[in-house]
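# Sequence and predicted structure are below.
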Amino acid sequence: MTTISSIYVNLPVKDLAVTRTFWTSLGFQFNEQFSNDKAVCLVLNEGSMYAMLLTHEFFAGFTTRSVADGSSTQVILAVEVESREKVDAIVQAALANGGTRYREAADHGWMYYDSFADPDGHQWGIMHSDLSKLPA
């Protein structure tokens with residue numbers, strides 16, 4: 001069986017300063033060891049999950065395909081947090097700091113999620129689940 005020790009999701013961004021300010025306002029930190037004038041390393045879970053937010057020009061150097069411009073959906077990034085309240089807090093902070101809503105929150109009893117698009121149009125789903133409430 002193959003296992004993964006960590007993941008680095010790479011996303012193109014238009015403006016690193018705007019990106020850094022946006023994610024900082026949501027309470028996230030950056031790994032400065034992997035950040036410079038071409039990229040910032042957003043820490044999602046220290047030691048295992050990161051988002052590399054790269055300038056469009058730098059990102060383009062890793063692919064032979066065109067780079068998404070935020071007007072279409074190529075991926076939805078879903079992350080789980082510790083509570084419904086944390087879901088709401090992150091989404092409200094995102095909306096107050098330049099993010100936009102692309103769908104309404106949903107409550108399935110055992111899983112609650114809400115969503116936002118960051119300033120570059122990347123779609124994020126923030127969720128909390130309680131598997132003890134999962135229907136049989």
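Yep, it's here. Numbers count the residues shown, from 1 in each chain.
# Specify the beta-bridge partners of the nearest residue to Phe28 once chain neighbours are set aside.
Nearest residue to Phe28 in three dimensions, chain neighbours excluded: Leu42, at 5.9 Å (Cβ to Cβ, 6 or more residues apart in numbering). Placement of C-beta: from N, CA and C, glycine included. Leu42 forms beta bridges with Phe30, Ala51, as assigned by DSSP bridges.
# quick check: longest helix of the protein.
Taking DSSP state H as the criterion, the chain has its longest helix at helix 84-96.
# What are the buried residues along that helix?
Arg84, Val87, Asp88, Ile90, Val91, Ala93, Ala94 (16 or more other Cβ atoms under 10 Å).
# Distance check, the first one against Gln33.
Distance of Arg84 to Gln33, given as Cβ to Cβ, to the nearest Å: 34 Å.
# now the last one
Counting by Cβ to Cβ, the separation of Ala94 from Gln33 is 26 Å.
# what do you get for the third one?
With the distance defined as Cβ to Cβ, Asp88 ends up 32 Å from Gln33.
# now swap in the fifth one and tell me
To Gln33, Val91 is 29 Å away according to Cβ to Cβ.
# Same check on the second one?
Computed with Cβ to Cβ, the distance linking Val87 and Gln33 is 30 Å.
# Please enumerate the strands of this structure.
For the chain, the strands defined by DSSP state E occupy 7-13, 29-30, 39-45, 49-55, 76-80, 106-107, 111-117, 123-129.
# quick one, which of those is nearest to Trp23?
Trp23 lies closest to strand 39-45 among these, at 5.5 Å (Cβ to Cβ).
# if you average pLDDT over that closest one, what comes out?
For strand 39-45, the mean pLDDT works out to 98.
# what do you get for stretch 87-103?
For stretch 87-103, the per-residue pLDDT averages 96.
# tell me which of the buried residues of helix 84-96 is nearest to Asp118?
Ala94 (7.1 Å).
# Touching, the closest one and Asp118? I think so.
Yes: if you go by Cβ atoms under 8 Å, Ala94 and Asp118 touch, sitting 7.1 Å apart.
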